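Asker: Curious how this folds, go ahead:
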Amino acid sequence: MKQIPVALQAHYDSGGTSVANAIVIKRTDGKVFAFTSHDQPLVLDVRAWGTDNAALVFDCKQGLNASGITATSGFAVDNLELTTLDDGSLFVREEVAAGLWQNAEFRLFRYRWDVAAPTVANDVEPLMRGWLGEITLGSATLTVELRGLKQKLQQSLGMVSQKTCRSRLGATGLAQCNRSLVDLTHAVTVTAVTDKRTFTVSGGLPEDYLGEGLLTWKTGANTGLTQKVRSQSAAGVVTLVLPMVLPIAVGDQLTAVAGCRKRLTEDCSGKFGNAINFQGEPHRPSPDVITRPV
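Answerer: Sure, this is the predicted structure:
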């Protein structure tokens with residue numbers, strides 16, 4: 001059962017309006033952001049929520065507004081939207097488009113403030129926690145979908161029979177690839193740039209070695225971002241599946257992981273020597289063979 005602080009419940013019962021909503025957001029890169037719907041900033045110790053912030057300041061300039069906050073006792077997903085004024089100081093548009101806010105954790109709560117000390121939360125009522133979903137950029141506002149913990153229950157589980165491998169290269173566990181990535185991971189440097197999708201890297205890797213592989217930026221404007229490789233030539237020219245939002249520069253350092261196109265002979269056996277862990281059914285008959293008349 002949800003516990004509401006006695007003083008806060010008494011404030012609700014009295015019809016008092018000295019309450020405000022606040023949110024803490026922790027991105028996957030470890031950066032923490034916080035803001036409040038009140039017109040005064042809030043200072044709160046949030047170390048109990050998995051951060052190192054003993055005195056985190058909640059910004060009041062963003063104009064926080066959360067849509068109808070509802071919770072259900074069943075398995076329905078408790079989603080809501082949060083809207084802020086977009087002045088570019090919190091949600092930098094390039095960072096949003098680049099995916100830096102994707103799957104960031106959040107905690108939404110309500111607190112009671114006092115006229116004599118508006119920056120202090122006297123009582124706190126947790127409302128919701130989960131992950132950020134779809135982010136919509138407007139001309140002057142930004143709307144974020146807040147997905148509750150029960151969102152995870154909507155994900156499908158199970159395996160589907162297919163000719164190519166179902167596992168991700170390097171994934172460990174039962175019915176997984178279980179191939180070590182130590183010898184498949186390389187440090188490369190950008191030596192030439194054509195555009196945000198095509199560039200050349202050092203390393204002398206064989207042709208298509210990085211095809212369907214992953215590149216993670218260690219330096220430069222895209223630090224911390226990862227993108228999949230569509231193709232790579234013998235000369236080291238890399239073409240990404242999607243262009244990077246932030247600019248790529250000569251000298252950027254990356255970590256490159258070999259790509260797997262999930263084929264038994266060419267990849268699992270020939271490229272990685274891991275046919276024993278192939279997670280597909282390459283020799284199964286096709287639907288046409290199964291359904292053709294005898």
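
Asker: any low-confidence regions in this protein?
Answerer: For the chain, residues meeting the criterion pLDDT under 70 lie at 1, 62-90, 118-119, 140, 155-156.

Asker: Please identify the longest strand in it, counting by residues.
Answerer: What stands out as the longest strand in the chain, according to DSSP state E, is strand 123-137.

Asker: What pairs with that one, parallel or antiparallel?
Answerer: strand 105-112 (antiparallel), strand 141-148 (antiparallel) (DSSP bridges).

Asker: So which residues of the protein form helices?
Answerer: Applying DSSP state H to the chain gives helices spanning 6-13, 93-98, 287-291.

Asker: any chance of those in JSON lines, with mean neighbour count and distance to residue 263 too?
Answerer: Glycine gets a C-beta too; all of them are placed from N, C-alpha and C. Listed next are those as JSON lines, based on neighbours: other Cβ atoms under 10 Å; distance: least, Cβ to Cβ, whole Å:
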{"stretch": "helix 6-13", "mean neighbour count": "13", "distance to residue 263": "60"}
{"stretch": "helix 93-98", "mean neighbour count": "15", "distance to residue 263": "31"}
{"stretch": "helix 287-291", "mean neighbour count": "8", "distance to residue 263": "20"}
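
Asker: Residue 228 bridge partners, please.
Answerer: For residue 228, the beta-bridge partners are residue 214 (DSSP bridges).

Asker: Of all the helices of the chain, which one is nearest residue 257?
Answerer: Closest to residue 257 of those is helix 93-98 (Cβ to Cβ; 19.5 Å).

Asker: from the middle of its chain, how far away would that closest one be?
Answerer: Helix 93-98 has its C-alpha centroid displaced from the chain centroid by 12 Å (Cα atoms, centre = their mean, to the nearest Å).

Asker: Send me that helix as PDB with only the CA atoms.
Answerer: Provided in PDB are the C-alpha atoms of helix 93-98 (Å, rounded to 0.1, in the frame of the first residue of the first chain):
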ATOM      1  CA  ARG A  93      18.000  19.500 -29.500                       C
ATOM      2  CA  GLU A  94      21.100  18.000 -31.100                       C
ATOM      3  CA  GLU A  95      21.500  15.700 -28.000                       C
ATOM      4  CA  VAL A  96      17.800  14.700 -28.100                       C
ATOM      5  CA  ALA A  97      18.100  13.800 -31.800                       C
ATOM      6  CA  ALA A  98      21.400  11.900 -31.200                       C
END
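
Asker: helices or strands up against that helix?
Answerer: With contacts taken as 3 or more Cβ pairs under 8 Å, 6 or more residues apart in numbering; DSSP states H and E, helix 93-98 sits against strand 123-137.

Asker: Swap in 10 Å and give it another go.
Answerer: When contacts are defined as 3 or more Cβ pairs under 10 Å, 6 or more residues apart in numbering; DSSP states H and E, helix 93-98 packs onto strand 123-137, strand 141-148.

Asker: Using TSV, please lay out those together with distance to residue 216.
Answerer: Shown next, in TSV, are the helices and strands packed on helix 93-98 (distance: least, Cβ to Cβ, whole Å):
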stretch	distance to residue 216
strand 123-137	21
strand 141-148	25
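
Asker: most tightly surrounded among these?
Answerer: Comparing the helices and strands packed on helix 93-98 by mean neighbour count (mean count of other Cβ atoms under 10 Å), strand 141-148 comes out on top with a mean of 19.

Asker: okay, now the nearest residue to residue 35 once chain neighbours are set aside: neighbour count?
Answerer: Closest residue to residue 35 apart from its sequence neighbours, by Cβ to Cβ, 6 or more residues apart in numbering: residue 59 at 4.1 Å. The local packing of residue 59 (other Cβ atoms under 10 Å) involves 17 other residues.

Asker: Equivalent analysis for residue 263, please.
Answerer: 17.

Asker: next one: residue 14
Answerer: Using other Cβ under 10 Å, residue 14 has 8 other residues around it.

Asker: Residue 187 now?
Answerer: The number of residues packed near residue 187 is 11, by other Cβ under 10 Å.

Asker: Who is the closest residue to it other than its chain neighbours paired with across the strands?
Answerer: Ranked by Cβ to Cβ, 6+ apart and with sequence neighbours excluded, the top spatial neighbour of residue 187 is residue 255, at 6.2 Å. Residue 255 has these beta-bridge partners by DSSP bridges: residue 187, residue 216.

Asker: ok, how many other residues are close to residue 255?
Answerer: Residues near residue 255, counting by other Cβ under 10 Å: 14.

Asker: shouldn't it be in contact with residue 224?
Answerer: No - if you go by Cβ atoms under 10 Å, residue 255 and residue 224 don't touch, sitting 11.1 Å apart.
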